[in-house]
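> the following comprises the amino acid sequence and a computationally predicted model.
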Amino acid sequence: MYQKFLNLIKTKKFLAVLAISVILSLAIFGNGLGGDFVFDDVAVVKNRGDLKDSSYFLNLFISPYHQNMPKTGLYRPLTMASYALNHYLGGSAFGFRLVNILIHAFNSFLAFWLVSYFLKSRVMAYASFFLFLTHPIHTEAVTSIVGRAELLAFFWSLVTIYFYAKDFKLLAAISFLLALWSKETALMILPVLFYLDFCFLNQPDSSYPHTRFDLVQNDLVQKLSTVGGTVRRLMFLGVPLGFYAIFRYMALGKYFAGDATTTIVENQLKFVGFFERIFTALKVLAMYAERLIWPVHLSADYSYQRISVVGNIFKSWEALLGLFLLAGLIYLAFRFRKANNNPEPRPIGFGADPLPVTSYQALGLGAALFLFPYLMISNLIIPVGTIMGERLMYFSSLGFVIISAWLLERLLKSPRFDLFKDPRSNLFIFCGLLAAITIFYGVRTVVRNLDWKDSRTLFNATVKESPASLITRTALAGVHIRADEWKEAKEELEIARDIYEDNSHLQNLLGIVADHEGQPELAETRFNKSLELNPDAINANINLAELYLKYGQLEAAALNFKKVIEFFPVAEYLIRYAYAEIALNQPDEALRVLQKYAGGNLQHPDFSAVVGTAYFVKGDYRQALVYLKNSRELGNKVAEVGEMIKIAEDKTR
């Protein structure tokens, strides 16, 4: 009865934390709900036809993350499926951002559970919870819609830890698969689980041998035995890993291994020497640490040339600091555990709570939870797709807040801060410090959310923090072009050219400017240069097709529109390609491509009009009437459709 009462209290405590987490998350991140799709949200989420078509839902699990681009090596079907569900429920940016906030609330709750369960410290659990929930570095993961991959990978990784600790192997395996389906970096959960099992869940007892030789020998045997046991207990996760590998191969084919397809603009570390890559990656670690400790200078872009390459580690204090931090994390994570002082044997393994921990284990947990996820994105082991990104710190920040919580707990227990000779004085100081940090984090997060309102706001804020970033300059130029602010666009493009001219996106924008200024030959050269630098630059194909169409070069226009629809088969470009082929007296090709990509969909007024036009050109007026009249009934009021209907009716009398 007493145990049931304790379990009830414990359950209510966790439910209260969950409620607080949801409320605070909405309060702190809620001012970003009114924002638009910005930055990568547009290409990855907003403009994806496959995410809006419910009949394609299951195909998402055998499709690459970037539509029709397996060469990127990215496969995140669960994240894509969640975006699809958002589209089915309305597709507004508000809905996408609300889901992100709620996932972050659950993640903060899971962070509370993890610290509470493994470290057995309410003080550290609550401190970690508040610091993790409010940290400003999370704005890119939460407020930016594409940050959902980080959120879901974190969520399912911690759920995997929960089920593993409770010995629910089937549920742990399923959760692990869902984590991998959220983002590839969830693979880091394997070393995390190994660490937790080895250091917390299955500690050997503390019986000491009588001789020094026995001490060394038995300690070594114990450790090897524990390592072997941990490996055996983790082997069942090979099943979901194999299942994931099969689906990944179906989606990516020969790009299964996932070698990062990137350019010098996104990650210059892939194109420098070994030591330059290592030294610069250490510098980036120091930059991450700065933003975790003092999250004032935050940026959505760290592309070329925001971060200079380090050729000599002794000439960069940031790289030296990064080396010191990395060494410190490794030391804390792998420091030998102090033996448990309890001589009584205890149940070990799953379902049983871990023993009370030492300070070294608390610091070790924080270091390990920072280190293992960080190594996946650090560029230290292999180059990844980007040199630096604040959303990539989402999981590692949990390790940071655990270490911060440990420092605050030391303060609470330290007699040096017992200023009023009252046992409660340290508690007041602790609560005051935690409240002050939480309020600072919360206010900074609220302010940072405003930067993600729309593209103009975001890139104006980013250019202040990263004035030498090429991607930011070209993105801001694109904002000015869409607003018909050509002078400002040209100014940004000139700055971008000074940074790095051989960039596909930059060349495409220069082509748009040339076309606007009535220089079709220069525009054509720029668009072709863009495609030379990146054959998958779909926007350059679109602009080139539009340019050729504008000047009556129908064959060239049709050729480029065909490349567009093979990569990006949306209604707008299907229709434009079909009309170009009809104008070239190739109605059968127009019918073929519409049948291939649109099927028998006659509920689209423009599709029906194109099919009717194709049959009209073929001279099959009866078939033309069927489709043209259907188009009219669906709301197509184009005058040419009415004229073709009259002619077709005359021809069929």
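Alright, I've got the coordinates. Numbers count the residues shown, from 1 in each chain.
> which is the succeeding secondary structure element to the worst-scoring helix or strand of the chain on mean pLDDT?
Scoring the helices and strands of the chain by mean pLDDT, DSSP states H and E places helix 212-234 at the bottom, with a mean of 64. Downstream of helix 212-234, the first helix or strand assigned by DSSP states H and E is helix 238-252.
> so where's this structure uncertain?
The model of the chain has pLDDT under 70 over residues 1-10, 203-225, 258-260, 336-358, 414-424, 600-602.
> the domain parsing of it - what is it?
With automatic domain parsing serving as the domain definition, the record reports that the chain contains domains spanning 2-447, 469-568, 569-653.
> TSV please, covering the ones you listed and showing mean neighbour count and distance to D454.
Every residue, glycine included, has its C-beta placed from N, CA and C. Compiled in TSV, these are given as follows (neighbours: other Cβ atoms under 10 Å; distance: least, Cβ to Cβ, whole Å):
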stretch	mean neighbour count	distance to D454
domain 2-447	18	5
domain 469-568	19	9
domain 569-653	18	23
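> output those in CSV, with distance to S455 appended to each entry.
Written out in CSV, the entries for those read as follows (distance: least, Cβ to Cβ, whole Å):
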stretch, distance to S455
domain 2-447, 5
domain 469-568, 5
domain 569-653, 21
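> on the three-state scheme, A300 is what?
Following DSSP: H, G, I helix; E, B strand; the rest coil, the label given to A300 is coil.
> give me the phi and psi angles of it.
phi -90, psi 0 (degrees, to the nearest 10).
> I'd assumed E140 was in contact with it.
Yes - here A300 lies in contact with E140, judged by Cβ atoms under 8 Å, at a distance of 6.4 Å.
> quick one: common contacting residues for the two?
E390 (Cβ atoms under 8 Å, 6 or more residues apart in numbering).
> and V463, what does it touch?
Going by Cβ under 8 Å, 6+ apart, V463 touches S469, T472, R473, L476.
> from K464, how far out is the second one?
Think T472. 10 Å (Cβ to Cβ, to the nearest Å).
> likewise for the third one?
Using Cβ to Cβ, R473 is found at 12 Å from K464.
> now do the last one
Going from L476 to K464 by Cβ to Cβ gives 11 Å.
> returning to what we had before: grab the two from the contacts of V463 that are most spread out in space.
When these are compared pair by pair using Cβ to Cβ, the farthest-apart members prove to be S469 and L476, with a separation of 10.1 Å.
> all the helices of the stretch 501-650 of the chain, residue numbers only.
Counting by DSSP state H, counting those that start in this stretch, residue ranges of the helices within the stretch 501-650 of the chain are 504-516, 520-533, 538-550, 554-567, 571-583, 587-598, 605-618, 621-633, 639-651.
> would you format the ones you listed as JSON lines with distance to I23 included?
Listed next are the helices of the stretch 501-650 of the chain as JSON lines, based on distance: least, Cβ to Cβ, whole Å:
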{"stretch": "helix 504-516", "distance to I23": "41"}
{"stretch": "helix 520-533", "distance to I23": "48"}
{"stretch": "helix 538-550", "distance to I23": "42"}
{"stretch": "helix 554-567", "distance to I23": "44"}
{"stretch": "helix 571-583", "distance to I23": "42"}
{"stretch": "helix 587-598", "distance to I23": "46"}
{"stretch": "helix 605-618", "distance to I23": "46"}
{"stretch": "helix 621-633", "distance to I23": "51"}
{"stretch": "helix 639-651", "distance to I23": "55"}
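> which one of those helices lies closest to L78?
With distances scored as Cβ to Cβ, the stretch of those nearest to L78 is helix 554-567 (23.9 Å).
> okay, angle between the closest one and helix 571-583 too, please.
Here helix 554-567 runs at an angle of 150 degrees relative to helix 571-583 (axes from the mean of the first three to the mean of the last three Cα atoms, to 10 degrees).
> send the alpha carbons of helix 554-567 over as CSV?
What follows is helix 554-567 as a C-alpha-only set of coordinates in CSV (Å, rounded to 0.1, in the frame of the first residue of the first chain):
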residue,chain,number,x,y,z
LEU,A,554,10.2,26.9,-77.9
GLU,A,555,12.4,23.8,-78.4
ALA,A,556,15.0,25.0,-75.9
ALA,A,557,12.2,26.0,-73.5
ALA,A,558,10.6,22.6,-73.8
LEU,A,559,13.9,20.9,-73.2
ASN,A,560,14.5,22.8,-69.9
PHE,A,561,10.9,22.4,-68.8
LYS,A,562,11.3,18.6,-69.3
LYS,A,563,14.4,18.6,-67.0
VAL,A,564,12.3,20.5,-64.5
ILE,A,565,9.4,18.1,-64.4
GLU,A,566,11.7,15.0,-64.2
PHE,A,567,13.0,16.5,-61.0
